[in-house]
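Q: 3D, please:
(chains A and B)
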Number of protein chains: 2
Amino acid sequence: MKIEKVYFTPVAKKLLENDELYKQACNEVINSITSTVWPIGSESFIINASEKNVNGVVPLKERCYIELEESYLWYREKPLHVLKHEKQKGGPIDVYKEFSGEDQIIRHVGLEFETGNISSAHRSMNKLLLGLNRREIDLAMILMPIKNLSYYLTDRVANYEELEPYFENANNHAFIFLGFNADHYSYGNDVPIIPKGKDGMSSRSIRKW
Amino acid sequence: MKIEKVYFTPVAKKLLENDELYKQACNEVINSITSTVWPIGSESFIINASEKNVNGVVPLKERCYIELEESYLWYREKPLHVLKHEKQKGGPIDVYKEFSGEDQIIRHVGLEFETGNISSAHRSMNKLLLGLNRREIDLAMILMPIKNLSYYLTDRVANYEELEPYFENANNHAFIFLGFNADHYSYGNDVPIIPKGKDGMSSRSIRKW
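A: Numbers count the residues shown, from 1 in each chain, chains lettered A, B, ... in the order given. Now for the predicted structure:
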């Protein structure tokens, strides 16, 4: 997979320029998505583009999260204190990691890989913004397919370009939006279709926060 | 109908305290929703609470908007310049009015009556926040049923309490969230069910911006 479009808020840009650990956090996310290949065992990511909406997207997310857990020791399902204890509603952040170096200062980083529709992407964005507002996270990231790729994924899955008009709402916070794309499109049927939902995924225990 | 829960951001509170026209804008919205009665011709709003999800919600929105148009000269479907011309995607704001007095200063006020699911409510909120960020609107309002009432409305319609954890994301802007409730609940079948969708609504031309 490759990263094709990115948006760093001015605050995020500054943060990454001045702090190697935030840069590392961003790189770990980028490495995890770009190391994803299809079909499994090949050298790049080739999407079956034989038909609109033919591929699933949840397995892509799973692979990316597994890479983050196994290679970089991120955690899954980090609840925000404000949602879990104060408001007593709302789910956790998908993946999360704390980074600290010699200065002993902890950098809290949260990420969501969006596989719902566009309004669901707005909710993810607002959850991460709430975490930033409350200083429970210091840097937020959202991963989404770009529009061209989403055409071949599950119907109505949100794409980068759809949420793009609203990125500037996050400008006072450290927020990074990443739009990924397949390396190649195959218009025949020489690569398998990515299964929808959790089909074909082996059950494993996640590294839960 | 009655207003049962409200949230004024600190900025909105200050704005209304210092400017009669913003206060008027808020009152016009409150009057429009609270003047809604059911069944038509009665003195209050009685909801048929005989069964979960039995009533529609779109006709409620329509009545409120018609009241805003006819009694207070609000406009429908006001596009944001940033979405329509700059980003070239995203729909208009539901209802909109410009207020000005002797000082000739125009106050731009936008409102959405939420009848979608909770993630759709996040999108409405973000659209209004974008308009506030770009100073295309000066005051934003969202109208939603409170949880108790939403139980008897269309399945999954967003309620005030669901979005409440995120209200504080709007704290740097002038934003008002209004939660409305029926005056009375009828657990028998002595009041009619509110039709779903646009059923039973006469076609009329809207006062479009």
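
Q: Just the CA trace of stretch A:73-92, in PDB.
A: Extracted in PDB, the C-alpha atoms of stretch A:73-92 (Å, rounded to 0.1, in the frame of the first residue of the first chain):
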ATOM      1  CA  LEU A  73       3.700  -2.500  20.600                       C
ATOM      2  CA  TRP A  74       0.600  -0.300  20.200                       C
ATOM      3  CA  TYR A  75      -2.500  -1.100  22.200                       C
ATOM      4  CA  ARG A  76      -6.100  -1.600  21.000                       C
ATOM      5  CA  GLU A  77      -9.300  -0.100  22.400                       C
ATOM      6  CA  LYS A  78      -8.000   2.700  24.600                       C
ATOM      7  CA  PRO A  79     -11.000   4.300  26.400                       C
ATOM      8  CA  LEU A  80     -11.000   8.000  26.900                       C
ATOM      9  CA  HIS A  81     -11.500   8.900  30.600                       C
ATOM     10  CA  VAL A  82     -14.000  11.600  29.600                       C
ATOM     11  CA  LEU A  83     -16.200   9.200  27.700                       C
ATOM     12  CA  LYS A  84     -15.900   6.100  29.900                       C
ATOM     13  CA  HIS A  85     -16.100   7.600  33.400                       C
ATOM     14  CA  GLU A  86     -17.400  11.200  33.100                       C
ATOM     15  CA  LYS A  87     -20.000  10.900  30.300                       C
ATOM     16  CA  GLN A  88     -20.400   7.100  30.500                       C
ATOM     17  CA  LYS A  89     -21.000   6.700  26.800                       C
ATOM     18  CA  GLY A  90     -19.000   6.300  23.700                       C
ATOM     19  CA  GLY A  91     -16.500   3.700  22.600                       C
ATOM     20  CA  PRO A  92     -12.700   3.600  23.000                       C
END
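
Q: tell me the mean pLDDT for it?
A: Summarised as a single mean, pLDDT over stretch A:73-92 is 88.

Q: ditto for stretch A:141-150
A: Across stretch A:141-150, the average pLDDT comes to 98.

Q: and that stretch, which residues are buried?
A: A:141-146, A:148-150 (16 or more other C-beta atoms under 10 Å in any protein chain shown). Heads up, the C-betas are built off the backbone N, CA and C, glycines and all.

Q: Stretch A:117-136 too?
A: A:117-133, A:136.

Q: give me the subset of these touching chain B.
A: A:117-120, A:122-123, A:125-127, A:129-130, A:133 (C-beta under 8 Å from any C-beta of the partner chain).

Q: which pair in these spans the largest distance?
A: A:Asn117 and A:Asn133 (24.5 Å; C-beta to C-beta).

Q: how many neighbours does A:Lys2 have?
A: Neighbour count of A:Lys2, defined by other C-beta atoms under 10 Å in any protein chain shown: 15.

Q: do you know how far it is from chain B?
A: In this view, A:Lys2 and chain B are 24 Å apart by C-beta to the nearest C-beta, to the nearest Å.

Q: residue contacts, that residue?
A: Going by C-beta atoms under 8 Å, 6 or more residues apart in numbering or on different chains, A:Lys2 touches A:34, A:45, A:180-183.

Q: same question, A:Phe45
A: A:1-2, A:36-38, A:182-184.

Q: Can you list phi and psi of it for me?
A: phi -110, psi 110 (degrees, to the nearest 10).

Q: Which of the contacts of A:Lys2 has the largest number of neighbours?
A: Using other C-beta under 10 Å as the neighbour test, the contacts of A:Lys2 are led by A:Ala182, with 26 neighbours.

Q: from what I can see it touches A:Glu4, true?
A: No: assessed by C-beta atoms under 8 Å, A:Ala182 is found out of contact with A:Glu4, at 9.5 Å.

Q: Which parts of chain A are strands?
A: Ranges of strands in chain A, per DSSP state E, are A:2-8, A:46-48, A:75-78, A:93-99, A:107-113, A:139-145, A:175-181, A:184-186.

Q: and the first one with strand A:175-181, angle?
A: Read that as strand A:2-8. 160 degrees (axes from the mean of the first three to the mean of the last three C-alpha atoms, to 10 degrees).

Q: quick one on the thing from earlier: would you single out the least confident of the strands of chain A?
A: For the strands of chain A, mean pLDDT drops lowest on strand A:75-78, to a mean of 92.

Q: Show the subsequent helix or strand relative to that strand.
A: Using DSSP states H and E, the helix or strand that follows strand A:75-78 towards the C-terminus is helix A:81.

Q: ok now that next one, how far from the chain's centre?
A: Mean-position distance between helix A:81 and its chain equals 21 Å (C-alpha atoms, centre = their mean, to the nearest Å).

Q: Give me the packing partners of it, helices and strands only.
A: Here helix A:81 touches no other helix or strand, going by 3 or more C-beta pairs under 8 Å, 6 or more residues apart in numbering or on different chains; DSSP states H and E.

Q: What lies in contact with it?
A: A:134, A:136.

Q: Residues contacting stretch A:148-156, please?
A: For stretch A:148-156, the external contacting residues (C-beta under 8 Å, 6+ apart) are A:47-49, A:51-58, A:115, A:117-118, A:144-145, A:157-159, A:180-182, A:185, A:194, A:196.

Q: If any of the residues you listed are buried, put those into a ChimeraX selection.
A: ChimeraX command restricting those to the buried ones, with burial defined by 16+ other C-beta under 10 Å:
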select /A:47,48,49,54,55,56,57,58,115,117,118,144,145,157,158,159,180,181,182,185,194,196
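
Q: Write out the residues of chain A neighbouring chain B.
A: Contact residues, chain A versus chain B (C-beta under 8 Å from any C-beta): A:82-83, A:87, A:89-90, A:116-120, A:122-123, A:125-127, A:129-130, A:133, A:161-162, A:164-166, A:168-169, A:171-172.

Q: count of residues packed around A:Ile105?
A: 11.

Q: ok now do it, which residues does it touch?
A: By C-beta under 8 Å, 6+ apart, A:Ile105 has no neighbours at all.

Q: Tell me the pLDDT of it.
A: pLDDT, read off for A:Ile105, is 94.

Q: Please apply the same query to A:Asn189.
A: On the pLDDT scale, A:Asn189 gets 83.

Q: nearest residue to it other than its sequence neighbours?
A: With C-beta to C-beta, 6 or more residues apart in numbering or on different chains as the criterion, A:Asn189 has its nearest non-adjacent residue at 5.3 Å, and that residue is A:Ser50.
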